[in-house]
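# Fold the following.
(2 chains)
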Amino acid sequence: MYYPFFIVYLIAGFAVTLWAFWWALRNGQFKDQQRARFLPLDEQGEQPAVTVTRLNRYQSYLLLAFAGSGLLALAAAVVYILVTGG
Amino acid sequence: MATTTNALPQIHRTARGFCITSAVWFVIGTLVGLTTAIEFIAPDLLGNISWLVLGRIRPVHTNIVIFGFVTAGLLSVSFYMVPSLLRTELYSEKLGMITVLLWNIAVAAAGITLAMGYTQGREYAELIWPLDLVVVLLFGLICFNLFMTVKQRKEPLLYVSVWYVLAAVILSAITYCIGNVIWVPGSGALAGMPDAIILWFYGHNVLGLLLTPLAVAVAYYVIPSASRTPLYSHTLSLVGFWSLLVMYSHIGTHHLLQTPAPTWLKVVSIVGSIGMIIPVMVVLINLWYTAKGKLGQIQADVGAKFVLAGSVIYLFTCIQGPAHSLPVVQRITHFSNWVVAHAHMGVLGFAGFIALGGMYYILPKITGKPIFSKSLAELQYWLVLIGMSGFMIGLTMSGLIQGHGWRSGETVYRLLPQLHHYNIFRGAMGVLIVSSALIFLYNIIRTIFFNPGGQASGVGKES
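The predicted model follows:
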């Protein structure tokens, strides 16, 4: 009999989530969303600008190619399974 | 600007502690993984040494990599990132250091007990009951420290990364208790199908409610920070956060589609798995739009570079995951190396990459010194990327051979020779990963303890 544990977990999870959401709403966590976007930047202070080399740009293209070929390979594998194993 | 001091700042001790922890267990965990891969190639090579048999070292590998390397690495970044985003200091560095110490004791004890054969025999939930209690205590300590940090914050707004970290630690504490059936100390298990269901509820949530939110939190911090661009949309990021909580918690039963689990639960798990595309795409669209036009800048920072690559592998993982939660796909992929590829993509490719990137990114900030060798870090990046891609390709192909072979009634012993060269390829890729782990450990140790080379610019300051 596992249902009681799941039900306790679901109720507890639901209660905690509702409480967190209610707290966030009351504390204005959803209000100043424009300022929130900048929070990771504020601590940086006087850091000098990073030098971007040609190699860095090539590596970006390489990563894009990796992403594209990976997606194609995955799609091909799933289609192959659907065709041969369905 | 250049000072020649080897002294470390008094703050960020917990972040440094978890960083060293992660680096050490990365080496040990991947070495054990390589041993496992070698046993697939040459099963008799190590003889019958009891603590080295596959059934024992496989859970040693998974537990050490998940808890010792990846979780510890992500916690290292979290213990720097959360106070920093809240413009305060960590509530208690002392408590943090106690957590680091206990964390290491727990991971070491897990490795030793599993190698000695003390196990509860449930995948990803193998640890014996006393260690389960220690893990829950540890999550409790982390929750307390981070929540008290939130309480004393000077920044009223909680950035999305803070939400993700808090959710990860509190949900993992609860999920660990339930998934490990902590109220049954003897076996740590229920009986029959209920146990399988509760186990996979936990097993999948280790990735979904521990590693995923921690890794996403780190990515949401590093990408805007490294590209010096505000996050594309904070509102969108919060939509992703709340939808992850709704979608992820009940999808574990998709591991049990061929079993007599209740049909409604299977349907819930499949729908949830497909629905996961929403929070995943929200995260990736937000991160990539933030990085748009700044890719060169991100590639110029070795930490951010790891994180961006991790986000790409997150896309692969989360397209593959919903696809193979469908029964029609699972007929081929289930119980095969396809799933092993998926697990490596999730834990090493996504969460591991982001953990490594996050640690490299914060290293100058928590030590006040530049990374000892950026070239070594770059070399490590390529080793892990090539190794990871090799795992993805080799294991996926091997899984397709296994799945099709078994589906057409082929016997296991006739299939094994066909898998042999894929296993050799897997071992070769493992060598690359172990090499990268050794480089990482060396770079971390040199940066923290033996790097009087100068003050990192604009970093290492008090929050």
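# Can you give me the end-to-end span of stretch B:364-377?
13 Å (Cα to Cα, to the nearest Å).
# how far out from the middle of the chain is that stretch?
A distance of 22 Å separates the centroid of the chain from that of stretch B:364-377, by Cα atoms, centre = their mean, to the nearest Å.
# show me what contacts residue B:92?
The neighbourhood of residue B:92, defined by Cβ atoms under 8 Å, 6 or more residues apart in numbering or on different chains, consists of B:145, B:148. The C-beta positions use only the backbone N, C-alpha and C, and glycine is treated the same way.
# Need the pLDDT of it.
In this model, residue B:92 is scored at 97, pLDDT.
# how much space between it and residue B:82?
13 Å (Cβ to Cβ, to the nearest Å).
# Repeat that for residue B:184.
Using Cβ to Cβ, residue B:184 is found at 34 Å from residue B:82.
# Then residue B:183?
Taken as Cβ to Cβ, the span from residue B:183 to residue B:82 is 31 Å.
# Mind splitting chain A into its structural domains?
Structurally, chain A divides into domains by automatic domain parsing as follows: A:1-30, A:54-86.
# so residue 22, which of the three states?
Unless you meant another one, I'm taking chain A. Three-state assignment for residue A:22 (DSSP: H, G, I helix; E, B strand; the rest coil): helix.
# Can you give me the neighbour number for it?
When neighbours are defined as other Cβ atoms under 10 Å in any protein chain shown, residue A:22 has 10 of them.
# quick revisit: could you provide the domains of chain A in a markdown table, with additional columns for distance to chain B and mean pLDDT?
Converted to a markdown table, the domains of chain A look like this (distance: least, Cβ to the nearest Cβ, whole Å; pLDDT from 0 to 100):
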| stretch | distance to chain B | mean pLDDT |
| --- | --- | --- |
| domain A:1-30 | 4 | 81 |
| domain A:54-86 | 4 | 87 |
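# Pick the most buried one from these.
domain A:54-86 (a mean of 14; mean count of other Cβ atoms under 10 Å in any protein chain shown).
# you'd agree residue B:442 is up against residue B:379?
No - Residue B:442 lies out of contact with residue B:379 (Cβ atoms under 8 Å); the separation is 11.1 Å.
# Just the endpoints, please. Distance across stretch B:202-218?
End-to-end distance of stretch B:202-218 (Cα to Cα): 23 Å.
# all helices for the stretch 351-463 of chain B, in order.
Ranges of helices in the stretch 351-463 of chain B, per DSSP state H, counting those that start in this stretch, are B:353-367, B:374-407, B:412-449.
# Tabulate these (a markdown table), appending distance to residue B:136.
Output for the helices of the stretch 351-463 of chain B, formatted as a markdown table (distance: least, Cβ to Cβ, whole Å):
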| stretch | distance to residue B:136 |
| --- | --- |
| helix B:353-367 | 22 |
| helix B:374-407 | 31 |
| helix B:412-449 | 28 |
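# Just give the closest residue to residue 38, not the sequence neighbours.
No chain specified, so I'll use chain A. Spatial nearest neighbour of residue A:38, chain neighbours left out: residue B:230 (4.8 Å); criterion: Cβ to Cβ, 6 or more residues apart in numbering or on different chains.
# let's do chain B instead
Closest to residue B:38 by Cβ to Cβ, 6+ apart is residue B:427, at 5.8 Å.
# do the same with residue B:235
residue A:33 (4.8 Å).
# The one you found and residue B:234 touch, don't they?
Yes - because the distance of 4.7 Å satisfies Cβ under 8 Å, residue A:33 is recorded as touching residue B:234.
# more neighbours, the two?
residue B:234 (24 against 16).
# That one is in contact with residue A:36, isn't it?
Yes - Residue B:234 lies in contact with residue A:36 (Cβ under 8 Å); the separation is 4.1 Å.
# Now the common contact residues for these two.
In terms of Cβ under 8 Å, 6+ apart, residue B:234 and residue A:36 are both contacted by the residues B:159-160.
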